[in-house]
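Student: can't give you the sequence, but here's the structure:
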């Protein structure tokens, strides 16, 4: 099964040499599950020719806000709607979670409650899940087809499912503690309040459930689905 990675941002250049860029992290997260991958750097305006160029699409994180004025956002939203309409499954992480919701009629805002940084605890209904997070923006109004699949005290809409067409998670199952520490060192100073960084440092090293989210992503991509009307 080919998964097309839509790269919506880049890891800090200081971290890429040792830890890779966002697509590398997702390849590691989903390693050994029988997927092959191809990346399109949509932030740099590199888009697939067709929503059928992959069997499923995975949208990465980004330092951009989904509501900001960037050249790549309108065509990315069109691509999301086209893939959704054609029944080609979509998975979104962090910015990917937000841009799918926005493209399908939801609302994303800069959360007045501030940042989530580092280890966070989520309720996925049948499972308590601990993951790394790095975000200030949140989905605050759900699209018509979305249902909440995971939440936390800080983030009410932490995971969304849209039938068999889209699945998205606000947290970062692909981020290791080392990468979070790198973000704290390179991107947080002067941006993230120091008390939040201190809390993140205190929880560094706690076991994460990244594999549980990888299991859910795999199951979502592989579930049987009918071909949408009008799809090639």
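Tutor: Received, thanks. Everything numeric in this text was worked out from a predicted model, so none of it was measured.
Student: List the beta-bridge partners for the residue nearest the centre of the chain.
Tutor: Among the residues of the chain, the one closest to the centroid is residue 93, at 0.6 Å (CA atoms, centre = their mean). For residue 93, the beta-bridge assignment (DSSP bridges) gives partners residue 169.
Student: you'd agree it is up against residue 57?
Tutor: No: look at residue 93 against residue 57 with CB atoms under 8 Å: they stay out of range, at 11.7 Å. Using the backbone N, CA and C atoms, a C-beta is placed for each residue, glycine as well.
Student: Can you name every helix or strand that the worst-scoring helix or strand of the chain on mean pLDDT contacts?
Tutor: The element with the least model confidence among the helices and strands of the chain, by mean pLDDT, DSSP states H and E, is helix 13-19, at a mean of 93. Identification of packing neighbours for helix 13-19 by 3 or more CB pairs under 8 Å, 6 or more residues apart in numbering; DSSP states H and E yields helix 177-186.
Student: what comes up buried for the helix it packs on?
Tutor: When neighbours are counted by 16 or more other CB atoms under 10 Å, the buried residues of helix 177-186 are found to be 177, 179-184.
Student: what about the helices in this structure?
Tutor: Counting by DSSP state H, the chain forms helices over residues 13-19, 22-29, 73-86, 95-103, 177-186, 194-203, 210-222, given from the N-terminal end onward.
Student: Now the first one: buried residues?
Tutor: Of the residues in helix 13-19, those buried by neighbour count under the rule 16+ other CB under 10 Å are 15, 19.
Student: which other residues reach it?
Tutor: Residues from elsewhere that reach helix 13-19 (CB atoms under 8 Å, 6 or more residues apart in numbering): 10-11, 25, 176, 178-179, 182-183, 186.
Student: follow-up on the earlier one: wait, which of the helices of the chain is closest to residue 122?
Tutor: Taking CB to CB as the criterion, residue 122 comes closest to helix 210-222 out of the helices of the chain, the separation being 9.5 Å.
Student: Which elements pack onto that closest one?
Tutor: Helix 210-222 sits against strand 90-93, strand 128-135, strand 166-169, with contacts defined as 3+ CB pairs under 8 Å, 6+ apart.
Student: Please name whichever of the ones you listed is nearest to residue 205.
Tutor: Shortest separation from residue 205 across those is recorded for strand 128-135, at 11.4 Å, computed as CB to CB.
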